[in-house]
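>>> Turn this into a structure:
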Amino acid sequence: MLNSTPLNRRWTASEQISAAHSRFWATSKIMTLFFYASFAFVLIGVLGLAFDSRQILNMPAWAKTTKFAISFLLYAPTMLWMFSYMTGRPRLRRFVLDACGIMLFIEMILVLIQAVRGQAMHFNISTPLNTALWSIMGTTIFIFYGVSILGFVFFLRQKPVVDRAFLLSLRLGMALMLIGFGLGFLMTSPTSDQLASMTAGEVVMAAGAHTVGAPDGGPGIALLGWSTTHGDLRIAHFVGIHGAQALALVGWLLLAGSERRWTFLRQQPRLALVWGAAAAYLALVGSMVWQALRAQPLLKPDALTLGVWFAIAAGAALYGTAVVVRAKALARR
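Reported below is the predicted structural model:
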């Protein structure tokens, strides 16, 4: 382990990988296996993009597989790393990570099946089989979300075993991730057009949508598929989910900096900066939800949206500057 190694010893790349594997494996074998499987899912998705020209809703048939695999390739090691800092109740920790790993593996298999079949995965109720596959995915999503909430509560109840500001960044990052996951439920309700068709007794092909203001399948950003002409709820969903990585990075940079160059950043100012970063990130996610619900594409913000983004950036900059200035002043005393 790292703690038993002299501080001045440089680790080779293979030693670092081996140490990470040991740490992850001890935390959750199933989530570690899912992490490794995600590399294979990415490869399958990339090969599909290269050799399969079929389209699903105006996007390459293998785009969703690739997107999900890359996202999970970030999610799995983040969760393993975060939960490795939790020392209490190891069985509960393993249960949370194992259950999440199993649910996500099932989701990836379902996405792969639909890519092979050339069918949309989400909201697809066009045939009995598509409806069944979507129902299974919906069930895994609910289980995954419930278990994730349980893991968050467990995370909150743990006694600090690392720097308090760094631990706060992990906790707030996980909270942002849960909010991001929760935003996915905004997409599962039938749209007004779909409801009208259902009420009229017509056959509908989908129940739910990513796009606001138009049917799914319109012009979108390459690979991501986010609408370039209307609102898209996937954007805030995606950004929110990866708040875990963003906040953890903030906490780690502040801790590393305080030990080297920014020695004036003691624990209290670092706690304040982490809270500020989380608030700014949450405001950004909220603005993206608001923008999407107004049927406005991400890349074509109006003056109101730009004004909100500017206010978020300016507020975060002013708050951060005030905390740093005060920390320097206190350090000189």
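
>>> Export stretch 67-81 to CSV, keeping only CA atoms.
C-alpha atoms of stretch 67-81 as CSV (Å, rounded to 0.1, in the frame of the first residue of the first chain):
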residue,chain,number,x,y,z
LYS,A,67,-21.4,7.4,-24.7
PHE,A,68,-22.6,5.2,-21.9
ALA,A,69,-19.4,3.1,-21.8
ILE,A,70,-17.2,6.2,-21.6
SER,A,71,-19.4,7.7,-18.8
PHE,A,72,-19.3,4.5,-16.8
LEU,A,73,-15.6,4.3,-17.4
LEU,A,74,-15.4,7.6,-15.4
TYR,A,75,-18.1,6.7,-12.9
ALA,A,76,-16.8,3.3,-11.7
PRO,A,77,-13.3,4.3,-10.6
THR,A,78,-14.6,7.5,-9.1
MET,A,79,-17.0,5.5,-6.9
LEU,A,80,-14.4,2.9,-6.0
TRP,A,81,-11.9,5.7,-5.1
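
>>> List the buried residues in that stretch.
By 16 or more other Cβ atoms under 10 Å, the buried positions in stretch 67-81 come out as 67-70, 72-73, 75-81. C-beta coordinates here come from the backbone N, C-alpha and C atoms, glycine included.

>>> Stretch 282-291 now?
282, 283, 284, 285, 286, 287, 288, 289, 291.

>>> how about low-confidence regions in this structure?
Along the chain, the parts satisfying pLDDT under 70 run over 1-11, 160.

>>> Quick one: the strands in it, in order.
Assigned by DSSP state E, the strands in the chain fall at 55-56, 59-60, 211-212, 231-232.

>>> just those strands: most buried one?
Among these, ranked by average contacts under mean count of other Cβ atoms under 10 Å, first place goes to strand 231-232 (a mean of 28).

>>> Which strands or helices does that one pack on?
If you count contacts as 3 or more Cβ pairs under 8 Å, 6 or more residues apart in numbering; DSSP states H and E, strand 231-232 packs onto strand 211-212, helix 267-293.

>>> Tell me how far residue 61 lies from residue 122.
14 Å (Cβ to Cβ, to the nearest Å).

>>> scratch that, residue 82 is what I was asking about
27 Å.

>>> what does residue 20 give?
For residue 20 relative to residue 122 (Cβ to Cβ), the value is 33 Å.

>>> who has more neighbours, those two?
residue 122 (21 against 16; other Cβ atoms under 10 Å).

>>> Please tell me I have it right and the more buried one contacts residue 134.
Yes. Counting by Cβ atoms under 8 Å, residue 122 does reach residue 134; the two are 7.0 Å apart.
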